[in-house]
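Student: generate a structure from the sequence data that follows.
(chains A and B)
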Amino acid sequence: MHPSKIRQILLLLPLLLLGAGAFAQDDAIGKFFGKYVDDNRFTVVSISPKMFRLLAKVQWDTIPADVRQTVTRLQSLRILSTETTPQYFYKEALATIDHKEYEDLVTVRSYKDNVRFMIKESGETIHELLMIAVDNDGFTLMSFVGDIDLDKLSRLSGDMGIKGMENLKNVKRNK
Amino acid sequence: MEKAIIKTLLEKYWQAETTVEEEQALAAYFRQETIDPELQPYGDLFAYFGEEQQVTAGPGFDERILQRLGIADASSLAPDDAHSTATVRTIRPFSLGLIAAAAAIAALIVGLFLLTPPVQRNVLATVDQPARPAEIKDTYDDPQQALAAVRHALLIASTHLNEGRQQLTGGRK
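Tutor: Here you go, the predicted model:
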């Protein structure tokens, strides 16, 4: 091979790698879901935007207003969970996530489990809330897409009020 | 008589079937002073060919070419064998390298395009998979069940969020 040819290839290689990288940056979490959605080790729950529109026709009388407001603002929900090698999938999920896209909101670590919340924001609105949870019994990845109000979401589990979320927000800012 | 022969030769000439000798015969005929009026138009054509064949490189042509190629001391080279080998040596590796480089670039670009389709094919093959929110395949057909699942998920997320808060406030006490 002629030296100039080698030089050309050497010059081109980084460019090619850059190009390949650009192709790979296609919705990391979507890819993670796509990879395991048909894997029978995983339990999958997915609710499409179409189904969320259909939810409007459901009987809402017995459902708390907070829940209703939160649900109607959602566009889609995807859950992947498994009991097989949870730590492995937890690490893989974390590695798959593009940290430029998703911002860490809060991490809850205890002796038995590890839960991470990440958000995708544009301006003041949170477009996606990602929850990645792991303990010795299983791994769960949850993605809520829509207009997400963390105050309301926090209130859903019962007695926790806006005050609680204020703390969460401070945590995020102090980071 | 001669006209008939020339006409057949011309016929062959237009079909590009004439031999070198036949073409020379044609050229010789048209170089004559007297040409059959019917064949006169072709005469001009052959006269033109003849003139063009006389064109040769002007004096100093080799030197100018070599100068253009950046070989300054062209005049110092012997004007026979050395001359041509020098030319060959300087031109060929350069153009070969250029062709090789171009081929390498083309091969790599083709390679890139051959390597990328699998990603796209994958997307096409997984249309049913939730690669994007728009492509999510519903787990439930019944909105009631879907709502129950959403509420359950929200509750889990909410609980974990509050867990985080509790740990933080607990830590501050």
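
Student: mind checking the SS state of the closest residue in space to A:Phe89 that isn't next to it in sequence?
Tutor: The shortest distance from A:Phe89 to any residue other than its chain neighbours is 4.4 Å, reached at A:Phe139 (CB to CB, 6 or more residues apart in numbering or on different chains). Placement of C-beta: from N, CA and C, glycine included. Put simply, A:Phe139 is strand when judged by DSSP: H, G, I helix; E, B strand; the rest coil.

Student: ok, A:Phe139 - contacts?
Tutor: Residues near A:Phe139 by CB atoms under 8 Å, 6 or more residues apart in numbering or on different chains: A:Ser81, A:Thr82, A:Pro86, A:Gln87, A:Phe89, A:Tyr90, A:Ala93, A:Ile132, A:Ala133.

Student: so A:His99, which state does it fall into?
Tutor: Classification of A:His99 by three-state DSSP places it in coil.

Student: mind checking how far it is from B:Gln53?
Tutor: Relative to B:Gln53, A:His99 is positioned 75 Å away (CB to CB, to the nearest Å).

Student: shaky segments in chain B?
Tutor: Applying pLDDT under 70 to chain B flags the ranges B:1, B:71-94, B:117-136, B:167-173.

Student: now do the strands in chain A.
Tutor: A:42-47, A:74-82, A:103-109, A:113-122, A:125-135, A:138-148 (DSSP state E).

Student: before we move on, the earlier item: and the furthest pair within the contacts of A:Phe139?
Tutor: Across the contacts of A:Phe139, no pair lies farther apart than A:Ser81 and A:Gln87, at 13.9 Å, counting by CB to CB.

Student: which of these two has more neighbours?
Tutor: Neighbour count, other CB atoms under 10 Å in any protein chain shown: between A:Ser81 and A:Gln87, A:Ser81 has more, with 18 against 12.

Student: isn't that one up against A:Asp135?
Tutor: No - distance between A:Ser81 and A:Asp135: 11.4 Å, which falls outside the contact criterion (CB atoms under 8 Å).

Student: which residue is nearest the middle of chain A?
Tutor: Centrality entry for chain A: nearest residue to the mean C-alpha point is A:Leu130, 2.7 Å, by CA atoms, centre = their mean.

Student: give me the pLDDT for A:Thr43.
Tutor: pLDDT recorded at A:Thr43 is 90.

Student: ok so, going back, which residues touch the residue nearest to the centre of chain A?
Tutor: With contact taken as CB under 8 Å, 6+ apart, A:Leu130 is in contact with A:Ile29, A:Ile97, A:Tyr102, A:Arg116, A:Phe117, A:Met118, A:Ile119, A:Lys120, A:Leu141, A:Met142, A:Ser143, A:Phe144.

Student: just put those in TSV and tack on distance to B:Gln15.
Tutor: Shown next, in TSV, are the contacts of A:Leu130 (distance: CB to CB, whole Å):
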residue	distance to B:Gln15
A:Ile29	71
A:Ile97	74
A:Tyr102	75
A:Arg116	83
A:Phe117	84
A:Met118	79
A:Ile119	80
A:Lys120	75
A:Leu141	77
A:Met142	81
A:Ser143	76
A:Phe144	80
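
Student: so which of those residues also contact chain B?
Tutor: By CB under 8 Å from any CB of the partner chain, the members of the contacts of A:Leu130 lying near chain B are A:Phe117, A:Met142, A:Phe144.

Student: for the last one, list each beta-bridge partner.
Tutor: Listed by DSSP bridges, the beta-bridge partners for A:Phe144 are A:Leu77, A:Leu129.

Student: quick one: it from B:Gly97, how far?
Tutor: From A:Phe144 across to B:Gly97, the span is 58 Å (CB to CB).

Student: tell me which of the two has more neighbours.
Tutor: Taking neighbours as other CB under 10 Å, A:Phe144 and B:Gly97 compare with A:Phe144 leading, 26 against 17.

Student: list the contacts for that one?
Tutor: A:Leu74, A:Ser76, A:Leu77, A:Glu128, A:Leu129, A:Leu130, A:Met131, B:Ala153, B:Leu154, B:Ala157.

Student: strands of chain B, start to end?
Tutor: Using DSSP E, chain B contains no strands.

Student: where do the domain boundaries of it fall?
Tutor: What automatic domain parsing lists as the domains of chain B is B:2-54, B:61-115, B:138-172.

Student: which one, of these, ends up nearest to A:Ser48?
Tutor: Closest approach to A:Ser48 among the domains of chain B is made by domain B:138-172 (5.0 Å; CB to CB).

Student: for chain A, name the helix or strand with the lowest mean pLDDT.
Tutor: When the helices and strands of chain A are compared on mean pLDDT, DSSP states H and E, helix A:162-174 comes out lowest with a mean of 45.

Student: relative to A:Ser154, which of the contacts of A:Phe144 is nearest.
Tutor: Nearest to A:Ser154 among the contacts of A:Phe144 is B:Ala157, at 9.3 Å by CB to CB.

Student: need the nearest residue in space to the closest one, chain neighbours excluded.
Tutor: B:Ala157 sits nearest to A:Met131 (CB to CB, 6+ apart), 5.2 Å away.
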